[in-house]
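# please work out how this folds:
(2 chains)
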Protein chains: 2
Amino acid sequence: MVLLDSYYEGNMTAQGLVIINTGHGKGKSTAAFGQALRAAGQGMKVCIIQFIKGQTNTGEALAFASAFPDRIELHLAGTGFTWQQEMETVKKAALAGWELAKEKILSDDYDLIVLDELTYLTGFDIVPEEEIISLLRKRPKRLHLVITGRDASQGLIDYADLVTEMRAIKHPFSKGVKAQKGIEF
Amino acid sequence: MVLLDSYYEGNMTAQGLVIINTGHGKGKSTAAFGQALRAAGQGMKVCIIQFIKGQTNTGEALAFASAFPDRIELHLAGTGFTWQQEMETVKKAALAGWELAKEKILSDDYDLIVLDELTYLTGFDIVPEEEIISLLRKRPKRLHLVITGRDASQGLIDYADLVTEMRAIKHPFSKGVKAQKGIEF
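Numbering: from 1, shown residues only, chains lettered A, B, ... in the order given. Okay, here's the model as predicted:
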């Protein structure tokens, strides 16, 4: 039990972790929101920046705003990705989000920062992987980071402490079921 | 866009989904808590039953109690699994949790019920798979269920609508980092 007790001792001044939720399955962002909730429950201060996504009426946004106005900040840096949009519009919003992420990460105001869908920045060549890793290296020691998105780049995976792949075994799309409020958004 | 719009229409009276988060990686329960948060944010009523786990001071428990006392119920049906415990003690707590799950599922009082670590009930031969599936079939039409735990049985997977496997690509255990408050509990 010594090992287990020491594992569960917990220490807010310990090394902040870099956590990546990647893969093509569901649950990457949802687990990040659960992580934000858990951290806020323990009194930690959290900042969430959502890249790509631009929806303001999601369940998580409504819940965070009503339940944790002082502990969880949520920023939308996306335009909502659709094929009608010019790539330039998407890029501009993502770059503004990236500038905000730099500011928030270096501020030392937070215990946990979630960069939701960040992997698209390297995937679409909006921000080079080296620039992202260089920022992660400069972060305050206590700061935990959760990064989500499909196809995390190898350099990011190598740098991270904890990487989980969400794999779709079965998806209701294939059964013709609609996305539902409270479940998917 | 017609397909996508219709996918995102959302309808709380539509078919409740059975969602399974399984696999040996992290994020199964965390994603379930994120799901509960999202549902509560959309005004849905949620019940969470945690099998196996017996810890009351987790970040999620504290957050749910303070933020959503009227929308999210959290029940601990576990004793905290340790190797010192008699299997009988673990079984007894799990069976009490299972009785509670039956009552909650059939009550039609909830929009979403999370059965955290339920897969251990079949894994340890505490409740037969057929009994679980039979209960799922009898659930109110609107009720969404999220089931988590390693090694979900094939019958459960076949019955579910959405199944995701969380796979560990990298875990901080291997780097000698301690579990930290707000991150792992």
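
# okay, CA-based contacts and neighbour counts for the rest of this
OK.

# what's in contact with the lengthiest helix in chain A?
Looking across chain A with DSSP state H, the single longest helix is helix A:87-107. The contact list for helix A:87-107, computed with Cα atoms under 8 Å, 6 or more residues apart in numbering or on different chains, reads A:47, A:49-52, A:76-79, A:81, A:110, A:113, A:115, A:121, A:126-127, A:135, A:138-140, A:143.

# quick check: mean pLDDT of the following helix or strand past it?
Downstream of helix A:87-107, the next assigned helix or strand under DSSP states H and E is strand A:112-116. Taken as a whole, strand A:112-116 carries a mean pLDDT of 98.

# follow-up on the earlier one: which of the contacts of helix A:87-107 count as buried?
The neighbour-count criterion (16 or more other Cα atoms under 10 Å in any protein chain shown) marks A:47, A:49-52, A:76-79, A:110, A:113, A:115, A:121, A:127, A:139-140, A:143 among the contacts of helix A:87-107 as buried.

# rewinding a little: so the longest helix of chain A versus strand A:112-116, what angle?
Here the directions of helix A:87-107 and strand A:112-116 differ by 170 degrees (axes from the mean of the first three to the mean of the last three Cα atoms, to 10 degrees).

# hmm, stretch A:54-62 in reach of chain B?
Yes: Stretch A:54-62 reaches chain B (Cα under 8 Å from any Cα of the partner chain) through A:T58, A:G59, A:E60, A:A61, A:L62.

# whoops, I mixed them up, stretch A:64-77
Yes: looking at stretch A:64-77 against chain B by Cα under 8 Å from any Cα, the contacts come from A:F64, A:A67, A:F68.

# I'd say the last one and B:F68 touch.
Translated: A:F68. No: with contact defined as Cα atoms under 8 Å, A:F68 does not count as touching B:F68 (10.5 Å).

# can you point me to the longest strand in chain A?
strand A:162-170 (DSSP state E).

# what about that one, distance to the chain center?
15 Å (Cα atoms, centre = their mean, to the nearest Å).

# using CSV, list the CA coordinates for it.
Taking C-alpha atoms only, strand A:162-170 is exported to CSV below (Å, rounded to 0.1, in the frame of the first residue of the first chain):
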residue,chain,number,x,y,z
LEU,A,162,0.2,11.2,-20.8
VAL,A,163,-1.2,10.3,-24.2
THR,A,164,-4.5,8.5,-24.7
GLU,A,165,-5.9,7.5,-28.1
MET,A,166,-9.7,7.5,-28.3
ARG,A,167,-10.6,4.8,-30.8
ALA,A,168,-14.1,4.5,-32.3
ILE,A,169,-15.4,0.9,-31.9
LYS,A,170,-19.0,1.8,-32.8
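
# name every strand pairing with that strand and say which way it goes.
strand A:18-22 (parallel), strand B:162-170 (antiparallel) (DSSP bridges).

# for A:M166, give me its contacts.
Contacts of A:M166 by Cα under 8 Å, 6+ apart are A:N21, A:T22, A:G23, A:H24, A:G25, A:K26, A:G27, A:K28, B:T164, B:E165, B:M166, B:R167.

# buried subset of the residues you listed?
Judged by 16+ other Cα under 10 Å, buried ones among the contacts of A:M166: A:N21, A:T22, A:G23, A:G25, A:K26, A:G27, A:K28, B:T164, B:E165, B:M166, B:R167.

# any idea how far B:A31 is from A:L37?
11 Å (Cα to Cα, to the nearest Å).

# any chance of the strands paired with strand A:162-170 in TSV with distance to B:M87 and mean pLDDT as columns?
As requested, these are exported to TSV (distance: least, Cα to Cα, whole Å; pLDDT from 0 to 100):
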stretch	distance to B:M87	mean pLDDT
strand A:18-22	34	98
strand B:162-170	27	96
